[in-house]
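Q: Fold the following, please.
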Amino acid sequence: MKIAVTGKGGAGKTSIAAGLACIFSGQGKKVIAIDADPDANLGTALGFSDTERPTPISELKKIILERTGELGAFFKLNPKVDDIPDRFSKERGNIRLLEMGTVKKGGSGCVCPENAFLKALLSHIFINRDEVVIVDMEAGVEHLGRGTAQSVEKFIIVIEPNKTSIDTAARIKGLAENLKIKEVLVIANKIRSEGDRIFIEENLKGLRIAGFIKLDESLLSSRGILPEDSKFSKDLARASEEVLNVKTNR
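A: Presented below is the predicted three-dimensional model:
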């Protein structure tokens, strides 16, 4: 299973990505959890301490330079990356964490060795690795090239019950369709009432809702670490069973 999780900042996509990684891990499956968001909070949500977290790939300047063969404005768009996931990830149980890091952009639409390296790495993992792959992305599809996108089995947009979040979902849907991503789903998070559910159902157009997750106050006091036996996790497990074809023990 190859899953990309995106959505407006603050909607809870990192918690969703971490929760899915834990569900698959609990099934005994090997998981590669990739943090492709510059805020890089996926490791914390999965319980990795600061000292346990891996070095961000974008900071491997020497390796990136060697592999891309940068010479002036010319560099390889398909550098060797097959050894990177095992060398520069950290493991806890069945979950292997990889952090992509941030590429400092000199202008809009950075085309640079670091960006080319990250895209090649993500493509390799999606296409060639056998583990379950879950990517916590920015609010968009910036890390996905066309070949990588077509390997995504589930593209999940996390929303919360407000107009801004729904507008962001519509924009992301358009980007995903341009890349011909197979299946685009929505998980509605932070649901406080039946009114929130109705608001989403009435305003979200053209997207299938995988599930509704009630607002869980325990997440607010968890310091970013996803509680194991929370109401949030149980709601996500139900969505996983019904739409993502993941059987869970609840």
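Q: quick one: the strands in this structure?
A: For the chain, the strands defined by DSSP state E cover 2-7, 31-35, 90-92, 95-99, 132-136, 154-159, 184-191, 208-214.
Q: Just the pLDDT at the nearest residue to His124 once chain neighbours are set aside, thanks.
A: In this structure, His124 finds its nearest non-sequential neighbour in Val81, 5.0 Å apart by C-beta to C-beta, 6 or more residues apart in numbering. (C-beta placed from N, C-alpha, C; glycine too.) Listed pLDDT for Val81 reads 94.
Q: ok now do Val81, which residues does it touch?
A: By C-beta atoms under 8 Å, 6 or more residues apart in numbering, Val81 lies in contact with Arg67, Phe117, Ala120, Leu121, His124.
Q: Looking at the residues you listed, which are in helices?
A: Arg67, Phe117, Ala120, Leu121, His124 (DSSP state H).
Q: The last one and Pro54, how far apart?
A: Counting by C-beta to C-beta, to the nearest Å, the gap from His124 to Pro54 is 17 Å.
Q: ok, now the third one?
A: In this structure, Ala120 lies at 18 Å from Pro54, with C-beta to C-beta as the measure.
Q: Have a look at those two and say which one is more surrounded.
A: Neighbours were counted for Ala120 and for Pro54 using other C-beta atoms under 10 Å; Ala120 has more, 22 against 18.
Q: Correct me if wrong: that one contacts Pro79.
A: Yes. Judged on C-beta atoms under 8 Å, Ala120 makes contact with Pro79 at a distance of 5.6 Å.
Q: Name the residues of the lowest-mean-pLDDT helix or strand in the chain that are buried.
A: Ranked by mean pLDDT, DSSP states H and E, the weakest helix or strand in the chain is helix 146-149, scoring a mean of 73. Buried residues in helix 146-149, counting neighbours by 16 or more other C-beta atoms under 10 Å, are found at Thr148, Ala149.
Q: Can you name the residues bridging to the spatially most central residue of the chain?
A: Geometric centre of the chain, nearest residue: Asp136, 1.8 Å, by C-alpha atoms, centre = their mean. Taking DSSP bridges as the rule, Asp136 bridges to Val5, Asp35.
Q: Tell me the spacing between it and Leu219.
A: The gap separating Asp136 from Leu219 is 16 Å, by C-beta to C-beta.
Q: Next: Leu98.
A: 24 Å.
Q: So for these two, which sits in the more crowded spot?
A: A count of neighbours by other C-beta under 10 Å puts Leu98 above the other of Leu98 and Leu219, at 26 against 21.
Q: so where is this protein shaky, pLDDT-wise?
A: Residue ranges of the chain with pLDDT under 70: 70-75, 103-111, 142-143, 220-224, 227, 242-243, 245-250.
Q: for the protein, what spans make up the helices?
A: Taking DSSP H, the helices of the chain run over residues 13-26, 42-45, 61-68, 84-87, 113-128, 146-149, 163-178, 194-203, 231-243.
Q: a markdown table for these, including distance to Ile213?
A: Formatted as a markdown table, the helices of the chain follow (distance: least, C-beta to C-beta, whole Å):
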| stretch | distance to Ile213 |
| --- | --- |
| helix 13-26 | 8 |
| helix 42-45 | 15 |
| helix 61-68 | 38 |
| helix 84-87 | 30 |
| helix 113-128 | 26 |
| helix 146-149 | 26 |
| helix 163-178 | 13 |
| helix 194-203 | 11 |
| helix 231-243 | 4 |
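Q: Out of those helices, which one sits most buried?
A: Per residue and on average, the most neighbours among the helices of the chain fall to helix 13-26, with a mean of 26 (mean count of other C-beta atoms under 10 Å).
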